Structure formats: structure tokens, C-alpha cells
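1. For reference, the sequence and a predicted model appear below.
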Amino acid sequence: MDNIPSKIEFSYHFTSNEADIPKKLKKEPSIAFRIEGDFEITINGVSYFQENLTLLEFYLYLHRWFNHINKKGLQAFYYYSMEWDKDEPIISIIPYNNKAQITSIWRKTEMYTVFDLSYILSELESLENKLGQDIEKHYDLSLNTFIGKVPLRKIKD
């Protein structure tokens, strides 16, 4: 029997720097894909997912999802990347009842990944806030430059 997960952790480490973005381009949405880093999801101390992602793009998906939840209610989260041209999301969060399951096509290991809905939403909201602040600080830019201007896949209804 699988262990029921009780803890999820999200961590990231930038693999690009402010110097990688010319100052005159800092307000151009096209540089969003230069903001990269290693992103890891750990469940009960076991690495479930670890990949280099375009972290600004991931942040924009999270930000849009939370805005959508606040306006229209809860629905599934799907993270796609312009760098991955397949039709499958890289990371998904599927809510049902009072639970949510996190899945990834690039998972490192098979495990049970269902969490209490309020817990996973709280952890993801903390991730969105921290990641956004860290991107602005690390790259000395404003996220408002990119919100609504970087192409993202349409939210599935």
C-alpha cells in the first residue's frame, strides 16, 4: 500500500542571472524564457519531480490560475511550456471533492500524490508569492511587465 502523502515541498534555484538579460530588454515579454531554474517537488522527503523550467513562465501559469479561481472558482491547473511542444501538461493539479492530485509526465518516481485540497492550495499560493518576489529581486524586474503579455495556453473549462 502506498504511503499517504502528508507533506509537499517546492524548491527552485535560478540557473540564469540578471546579467543574462540586457538592460534594454528587461521590459520585453520575449525575455520571459531566459528566466530559468531547477525546480523540484518533494513529497514526504522523496523527490517526485526535478527539471530545469522557465520559472517565469511557470509563475505566470500559477498567477493566472489563482486569478481564475478568485473570479470563476476552482478548476484544474495545467502547466505547459513553450519549450515543450507536446499536448500534455508538464505538471497538473486535479481537484476533486476536498482533495487534489498533483501529477507530472516527467515524474521521477511513481507515488501516491493526493493531498487535502486546502493544504495544496495554501502551499501553491505560498510558492506563487515567494517565486514572484524572488524573480523580481533576482532579475531586478517587474512581473507586471509580463502578466498577460507572455503567451500561455488557454485555460481548459
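-> Nice, thanks for sending it over.
2. who's in contact with the longest helix anywhere in the chain?
-> Assignment by DSSP state H gives helix 117-139 as the longest helix of the chain. The contact list for helix 117-139 (C-beta atoms under 8 Å, 6 or more residues apart in numbering) reads 8, 10, 12, 14, 17-18, 21, 26, 35, 55-56, 58-59, 62-63, 66, 74, 77, 93, 95, 97-100, 102, 141-143. (Each C-beta comes from the backbone N, C-alpha and C, glycine too.)
3. excluding its backbone neighbours, what's nearest F66?
-> Nearest residue to F66 in three dimensions, chain neighbours excluded: E128, at 6.1 Å (C-beta to C-beta, 6 or more residues apart in numbering).
4. For that neighbour, grab the count of nearby residues.
-> 19 (other C-beta atoms under 10 Å).
5. how long is stretch 96-115 from one end to the other?
-> Taking C-alpha to C-alpha, to the nearest Å, the first and last residues of stretch 96-115 lie 10 Å apart.
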